[in-house]
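Enquirer: Show me the folded form of this:
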Amino acid sequence: MMTSDDRFDDFERRLLALVEERAAALERDLRMLVGIPTGHNHVEGLDRTRGWFEERLRRLGAEVELVPGRPRPDWLEIRREPEDAPKIDDDVSGPKVTIPPTLVARRPAGDGVDAVRMVLCGHLDTVHDPHGPFQELSSVEDDIARGPGAMDMKGGLMVALAALEVLESLGRRVDWTMVLVSDEETGTFFGEEALLQAARGHDIGLVFEPALPDGSLVVERMGSGTFMLEAVGRAAHVGRAFTEGRSAVVALSRAIIEVSGLADPERGRIVNIGPVHGGGATNAVPHHARCWGNVRYADEASQAGLEADVHRVVGELGAKLAGEMTDAPRIRARTAFLRPAKPSTPEVLALAERAREVSEALGRPMPFASTGGACDGNLLQAAGVPTIDTLGVRGGGMHRPDEHLEISSLVERTALLAVLLHRLDRDGFGERTGSGRPIP
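Expert: Numbers count the residues shown, from 1 in each chain. The predicted structure follows:
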């Protein structure tokens, strides 16, 4: 790790040296975490990982609380059984889903000083199949190690924990709260309320999503929402009573075309549909069909307008079908556009500049970037907390079976975060002045 020593004070140089000494331990802990499957709401893996972090955070003197998750709508579960929704007006209850808690760890400095209050946020879950072949962190080759969630975001979680541990070991106290959710990859429906509640009263948010490939820090994100389109028709034997049937698949197909037409990327409206499922046999007119989709939007107006448009075009299509035939298939849309866009505000840019200052001192440029991706940083900022959210490791193959990280970025990003936390407390942020705490 290259540093410009004249840009670090004596305490920071000791801090950086200690981070370097922890390189092997960082890799060892990451290897253990990656080896615990936490995708697809894998309860055993999530519980084990959460318990491991709870123990480490308690050692730092944090008060740890497991906040129960809230239920999420059943329709969000992607299911492919053909006969599970005979009535469109009923709420379909799927298989019982275990609702994971959110870990909230609070570590005030305890000296009564009114200093910058920082909330650190990460997620324990990954997108990877807990029973699939991709299960472990590979051996390091040319600074690259592959593993499920190594980049997104178990590497980032190690960065956050190690930075706090290094500061604590040197006797440097800052005010922090850490929030670890268990369902970020599926929208943080379980953990949203706990995250928003924990964010209250904090001055800045730091989230450990992976950096962009060139090390860029994301300062602006689109919002994200989920929807389901559903059609219920009437089953019939294809050979004996085809004209008596009303195909839910055909109706859903028309709805897919109408809703897909709402996409307008140049105006900040993205609409993607899939998976799709309908019918159970080729010789039966399908009575039920549905699909799930994801949308992205650039701002609050786009969010409200796009959600209203989804319901509008589905309603108009339903009326059109009713005019074309008797006993027409019924269609409906269900929407949950919960993650607001995360704009690049002056406060966010000021916080990003603080991170860039440290990164450049460490010998790494840090460009700023925007992305269509959404994360828990969107929720933190919507709660009134200026947030930067790509403070995790560098790597590639995100959400793919070749996901990987640059092992050296574990040390580099831990150093960046530790120095940033120290400086934010020392120098203050926004209207909150520096703490004036003695530096060990």
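Enquirer: Helices of the protein, start to end?
Expert: Under the criterion DSSP state H, the chain contains helices at 10-21, 23-34, 43-59, 155-169, 192-199, 238-241, 248-260, 300-324, 346-361, 376-382, 408-427.
Enquirer: Can you lay out these as TSV showing distance to H399, mean neighbour count and mean pLDDT?
Expert: C-beta: built from backbone N, CA, C; applies to glycine. Formatted as TSV, those follow (distance: least, CB to CB, whole Å; neighbours: other CB atoms under 10 Å; pLDDT from 0 to 100):
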stretch	distance to H399	mean neighbour count	mean pLDDT
helix 10-21	29	16	97
helix 23-34	15	18	98
helix 43-59	17	17	98
helix 155-169	14	24	98
helix 192-199	21	20	96
helix 238-241	39	10	95
helix 248-260	22	20	97
helix 300-324	24	16	96
helix 346-361	25	18	97
helix 376-382	16	24	95
helix 408-427	18	24	98
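Enquirer: who wins for proximity to T102 among the ones you listed?
Expert: helix 192-199 (3.8 Å; CB to CB).
Enquirer: and of the helices of the chain, who's closest to A289?
Expert: A289 lies closest, by CB to CB, to one member of the helices of the chain: helix 248-260, at 4.0 Å.
Enquirer: So what's the gap between that closest one and the chain middle?
Expert: How far helix 248-260 lies from its chain's middle: 29 Å, per CA atoms, centre = their mean, to the nearest Å.
Enquirer: Using CSV, write out every CA atom in it.
Expert: The C-alpha coordinates for helix 248-260 follow below in CSV (Å, rounded to 0.1, in the frame of the first residue of the first chain):
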residue,chain,number,x,y,z
ALA,A,248,-54.1,-16.1,-19.1
VAL,A,249,-50.8,-16.5,-20.9
VAL,A,250,-52.0,-14.5,-23.9
ALA,A,251,-53.5,-11.8,-21.6
LEU,A,252,-50.3,-11.6,-19.6
SER,A,253,-48.2,-11.4,-22.8
ARG,A,254,-50.2,-8.4,-23.9
ALA,A,255,-49.7,-6.8,-20.5
ILE,A,256,-45.9,-7.4,-20.7
ILE,A,257,-45.8,-5.6,-24.0
GLU,A,258,-47.8,-2.6,-22.6
VAL,A,259,-45.7,-2.3,-19.4
SER,A,260,-42.4,-2.8,-21.2
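Enquirer: Give me the helices and strands touching it, please.
Expert: Here helix 248-260 touches strand 223-232, strand 269-278, strand 288-297, helix 300-324, strand 330-339, going by 3 or more CB pairs under 8 Å, 6 or more residues apart in numbering; DSSP states H and E.
Enquirer: partner strands of the first one, parallel or antiparallel?
Expert: The reference is to strand 223-232. According to DSSP bridges, strand 223-232 has the following sheet partners: strand 288-297 (antiparallel), strand 330-339 (antiparallel).
Enquirer: what separates it from the chain centre, distance-wise?
Expert: 19 Å.
Enquirer: If you count neighbours, what's buried in that strand?
Expert: Residues 223-232 are the ones in strand 223-232 that count as buried (16 or more other CB atoms under 10 Å).
Enquirer: what's the spacing between the closest residue to A115 other than its chain neighbours and H422?
Expert: Closest residue in space to A115, ignoring its immediate chain neighbours: S435 at 3.6 Å, by CB to CB, 6 or more residues apart in numbering. Remark: distance between S435 and H422 (CB to CB, to the nearest Å) = 10 Å.
Enquirer: how about the buried residues of strand 223-232 in CSV, adding pLDDT and distance to A289?
Expert: Below are the buried residues of strand 223-232 laid out as CSV (pLDDT from 0 to 100; distance: CB to CB, whole Å):
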residue, pLDDT, distance to A289
G223, 96, 28
S224, 96, 24
G225, 95, 21
T226, 96, 18
F227, 97, 15
M228, 97, 11
L229, 97, 9
E230, 96, 7
A231, 96, 5
V232, 95, 8
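Enquirer: Out of these, which is nearest to W292?
Expert: M228 (5.1 Å).
Enquirer: For that closest one, name its beta-bridge partners.
Expert: Where M228 sits in a bridge, its partners, by DSSP bridges, are W292, R334.
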